[in-house]
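Engineer: I need the structure of the sequence given here:
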Amino acid sequence: MKSFLLKLLFFLFLFAVLGLFREHIFLNLNNIIYYKYYKSTSVPIPFGFGWLTRFSFTTLYYLKYPLTLVFVLLFYYLNFLFLKKFNVYPFYIKLLSWSYIVLFLISVSAMLYAYYFQQKLDDDEYLLSRGLMGTAQSPLIAFVLFALYLWDKNKLHYHEKRNSGL
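Structural biologist: Take a look at the predicted model:
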């Protein structure tokens, strides 16, 4: 039980660090984009981000898309490791992979629809896509699958214990 809790705390820590790192990157990138667009900012640009001011507004704006993809992949990998280290049934790991594929496909489809049919990327389709990618950049899916796995495992254990007297 102690190793289970330590492993769980370790992964919670990793998820928190990755989430805070992602937040730090995007907050500062958005601040620089704001600075490029309005030519001023009330928030200072932190050390290590100044070199980004050499790029145009458009370049910085579109940089957010590959960065989002990188963080989705990092979160997927961490979610995968989380489930793998707790020895969940392979079915749940497949569900994790399929969940990410579905989230990505719906998100891309919404963005393409907005781009080609609405001629802009700031409508409801953009909000849908952004929300789905936000879910993909979190431990939410793995936590739900882990809870289902524990419930399923407990239900199986209960069933075996109940029927062992027959």
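Engineer: What residues does the residue most central in space within the chain make contact with?
Structural biologist: Taking C-alpha atoms, centre = their mean as the criterion, residue 137 is the residue nearest the geometric centre of the chain, at 0.9 Å. Applying C-beta atoms under 8 Å, 6 or more residues apart in numbering, we find residue 137 in contact with 19, 22, 68, 71-72, 75. Yep, even glycine has a C-beta here, placed from its N, CA and C like the rest.
Engineer: Sitting in helices, which of these do you find?
Structural biologist: Of the contacts of residue 137, the ones assigned to helices by DSSP state H are 19, 22, 68, 71-72, 75.
Engineer: outside of the helix or strand encompassing residue 96, which residues touch it?
Structural biologist: Using DSSP states H and E, residue 96 maps to helix 90-113. Helix 90-113 is contacted from outside by 72, 76, 79-80, 83-84, 121, 125-126, 128-129, 132-133, 135-136, 141-142, 145-146, 148-149, using C-beta under 8 Å, 6+ apart.
Engineer: Show me which of those residues are buried.
Structural biologist: Among the contacts of helix 90-113, those scoring as buried are 72, 76, 79, 83, 125-126, 128-129, 132-133, 135-136, 141-142, 145-146, 149 (criterion: 16 or more other C-beta atoms under 10 Å).
Engineer: Tell me which helix or strand in the protein has the weakest average pLDDT.
Structural biologist: Every helix and strand in the chain was compared by mean pLDDT, DSSP states H and E; the lowest is helix 140-163, with a mean of 79.
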